[in-house]
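Trainee: whatever this is, show me its structure:
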Amino acid sequence: MRGPLVVPRSLGGVVPAPRPTRAEFFAGAVQASLARISQTCPAVLDRVVVGIEDVPEQQSFIEDRVPLTSAQDGDQHHPAKVVVFRRPLEIRAATPEGLVILVHRTLVEQLSALTGFPVDVIDPEAGRED
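Mentor: Now for the predicted structure:
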């Protein structure tokens, strides 16, 4: 093969990095939330696995309400599990910034219910984000 592999840009300059997909943005929001939680209350994440799914299974709907997360208690042999559902949370958020806040609040509330730690211990800034 002869010739350049990439045609030079007519305007020159650097090609901007591609924007993350919605799934990548959501995964980043979950990771940022977990990093924030691990800074304020690392004990809450001991023996807890957090995962992401696009949508919940139909069996998990309660009275035609779509859940935002799902949690399962752990035992001696298995860690507790929290699953965050991407599409229901995306639909409820008006902006990307709102999605980041909603993901964090949802994770904090779910971890509080699962582990028994108070919300203000997991996230001391819980009431100040409004």
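Trainee: where does the protein have low pLDDT?
Mentor: 1-13, 15, 58-63, 127-130 (pLDDT under 70).
Trainee: so what's the residue nearest the centre of it up against?
Mentor: Centrality entry for the chain: nearest residue to the mean C-alpha point is Val30, 2.5 Å, by CA atoms, centre = their mean. Val30 makes contact with Val50, Ile52, Val84, Val103, Leu107, according to CB atoms under 8 Å, 6 or more residues apart in numbering. Using the backbone N, CA and C atoms, a C-beta is placed for each residue, glycine as well.
Trainee: and the strand or helix carrying it, which residues are buried?
Mentor: In this assignment (DSSP states H and E), Val30 forms part of helix 22-40. For helix 22-40, the neighbour count (16 or more other CB atoms under 10 Å) marks Phe26, Ala29, Val30, Ser33, Leu34, Arg36, Ile37 as buried.
Trainee: Thr95: which of those is nearest?
Mentor: Checking the buried residues of helix 22-40 against Thr95 by CB to CB gives Ala29 as the nearest, at 12.1 Å.
Trainee: for Pro88, see how far away the closest one is.
Mentor: 14 Å (CB to CB, to the nearest Å).
Trainee: could you do Leu68 as well?
Mentor: Leu68 sits 5 Å away from Pro88, going by CB to CB.
Trainee: between these two, which is the more surrounded one?
Mentor: Using other CB atoms under 10 Å as the criterion, Leu68 and Pro88 rank with Leu68 on top: 20 against 17.
Trainee: what sits against that one?
Mentor: Val84, Phe85, Pro88, Leu89, Arg92, Thr106.
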